[in-house]
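**Q** need coordinates for the following:
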Amino acid sequence: MKKLMLVFVLAIVAMSVQAQCNSNKGHARQTSYNWGHEKDIVDVAAGDDNFGTLVAAVQAADLVGTLKSDGPFTVFAPTNEAFDKLPTGTVESLLKPSNKSQLAGILTYHVVAGKFDAGDIVEAIKLGGGEATIKTVQGGKLTATMRAKSVILTDENGGQSFVTATDVRASNGIVHVLDAVVLPK
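**A** Numbers count the residues shown, from 1 in each chain. All right, here's what the predicted structure looks like:
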């Protein structure tokens with residue numbers, strides 16, 4: 001009985017933390033993303049004007065086919081505003097054909113093999129004593145932590161991004177929205 005009660009309490013705590021993660025109070029403008037899970041990750045992003053830069057980058061890096069495949073994938077998707085935070089000229093430079101492999105490396109650093117919703121990430125952070133290491137498709141690592149009830153991703157260079165929306169479902173995975181671009185070493 002005690003085990004059943006503990007499982008019940010942990011489930012309620014996980015749902016509460018996930019709801020708090022979704023609200024992300026005080027760190028970024030919360031946007032409601034109305035994406036349907038019948039579309040794949042690329043179609044979901046292409047259907048929202050907030051992700052025009054991301055879609056252009058995925059096309060320039062020749063990753064459309066990969067992100068339309070069965071997956072499943074977890075994508076940490078930077079918004080247009082997140083890309084705008086990069087130094088002036090960075091996006092334009094990365095979109096050049098000569099920088100295709102560097103762009104692909106940055107984009108695949110935002111992708112994780114498997115489907116991990118906000119509850120999975122929060123649980124991994126708790127089990128890791130306050131942080132979880134996430135291996136990306138690019139081969140690098142992101143560190144997930146929580147601050148003031150918000151999930152934060154820290155890249156290998158120390159750059160940080162807040163997760164501003166979670167659990168956007170697609171037919172081949174799940175998307176979490178970022179307020180900054182994370183960069184591999």
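
**Q** now the most centrally placed residue in the chain. Nearest residue, chain neighbours left out?
**A** Per C-alpha atoms, centre = their mean, the C-alpha nearest to the average position across the chain is that of F76, at 1.6 Å. In space, and not counting its chain neighbours, F76 is closest to H110: 4.7 Å by C-beta to C-beta, 6 or more residues apart in numbering. Yep, even glycine has a C-beta here, placed from its N, CA and C like the rest.

**Q** for the one you found, give me the backbone phi and psi.
**A** Main-chain torsions, H110, degrees, to the nearest 10: phi -100, psi 0.

**Q** show me what contacts the residue nearest to the centre of the chain?
**A** The contact partners of F76, by C-beta atoms under 8 Å, 6 or more residues apart in numbering, come to H110, V111, V112, L142, L153, S161, V163, V175, H176, V177, L178, V182.

**Q** what packs against whichever strand or helix holds the fifth one?
**A** Read it as L153. For L153, the element it lies in under DSSP states H and E is strand 150-154. For strand 150-154, the contact count by 3 or more C-beta pairs under 8 Å, 6 or more residues apart in numbering; DSSP states H and E identifies helix 118-127, strand 141-147, strand 160-170 as packing neighbours.

**Q** the shortest one: partners in the sheet, and parallel or antiparallel?
**A** In other words, strand 141-147. Applying DSSP bridges to the sheet, strand 141-147 is found paired with strand 131-135 (antiparallel), strand 150-154 (antiparallel).

**Q** what's the most buried one of the ones you listed?
**A** strand 150-154 (a mean of 21; mean count of other C-beta atoms under 10 Å).

**Q** next, the angle from it to helix 118-127.
**A** Note on geometry: by axes from the mean of the first three to the mean of the last three C-alpha atoms, to 10 degrees, strand 150-154 and helix 118-127 are set 70 degrees apart in direction.

**Q** low-confidence ranges, the chain, go.
**A** Low-confidence segments of the chain, defined by pLDDT under 70: 1-37.

**Q** about what we covered before: got a list of what the residue nearest to F76 touches?
**A** V75, F76, A77, P78, T136, L178, V181, V182.

**Q** wait, E156 touches Q138, no?
**A** No - counting by C-beta atoms under 8 Å, E156 stays clear of Q138, with 10.2 Å between them.

**Q** in this structure, what residue spans correspond to helices?
**A** With helices called from DSSP state H, the chain shows them at 2-23, 41-46, 52-60, 64-68, 80-84, 90-94, 100-108, 118-127.
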